[in-house]
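# Provided below for reference: sequence and predicted model.
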Amino acid sequence: MLDNLCWICLDKNTKMYRIDDTYLRQAYDAITSKHDMLDMSVYTCYMCTWFLNKCHKLMTQALKAQDIMKQYLETKFC
Ligand SMILES: [Zn+2]
């Protein structure tokens, strides 16, 4: 039953993608902060999969920017 229901928008009338073992699962876990459901497979519809992909790219970009800012601050104050 849970494999035909989007875990983000609860849509059930479209194709679902199992995002376990993908970088999208990392974004899903970061958004939901739900660590008690790690053993369950997560399914998302095509639209939420697209949003998760964008979220993952934003997270990656923010981490790169944070590294650059840390290096800048270290050189500025050392
Ligand atoms: Zn969805």
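Sure, I can see it.
# what parts of the protein come near the ion?
Within the chain, the positions adjacent to the ion are Cys6, Ile8, Cys9, Asp11, Cys45, Cys48 by C-beta under 5 Å from the ion. Any C-beta I mention is one placed from the backbone N, CA and C, and that applies to glycine too.
# and the nearest residue to the third one once chain neighbours are set aside, what does it touch?
Excluding the flanking residues, the one nearest Cys9 by C-beta to C-beta, 6 or more residues apart in numbering is Cys48, at 5.5 Å. The neighbours of Cys48, taking C-beta atoms under 8 Å, 6 or more residues apart in numbering as the test, are Cys6, Trp7, Ile8, Cys9, Asp11.
# swap in Tyr28?
If you count contacts by C-beta under 8 Å, 6+ apart, then Tyr28 has Trp7, Ile8, Ile19, Val42, Thr44, Leu52 around it.
# what mean pLDDT does the helix or strand hosting Lys76 have?
If you go by DSSP states H and E, Lys76 is part of helix 46-77. Helix 46-77 carries an average pLDDT of 94.
# in helices, which of the contacts of Tyr28 appear?
Leu52 (DSSP state H).
# whichever of the contacts of Tyr28 end up buried, select them in ChimeraX.
Listed next is the ChimeraX selection for buried residues among those, using 16 or more other C-beta atoms under 10 Å:
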select :7,8,19,42,44,52
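# out of the contacts of Tyr28, who's nearest the ion?
Closest to the ion out of those is Ile8 (4.6 Å), distances taken as C-beta to the ion.
# isn't that closest one right next to Thr44, touching?
Yes. Contact status for Ile8 versus Thr44: in contact at 5.6 Å, counting by C-beta atoms under 8 Å.
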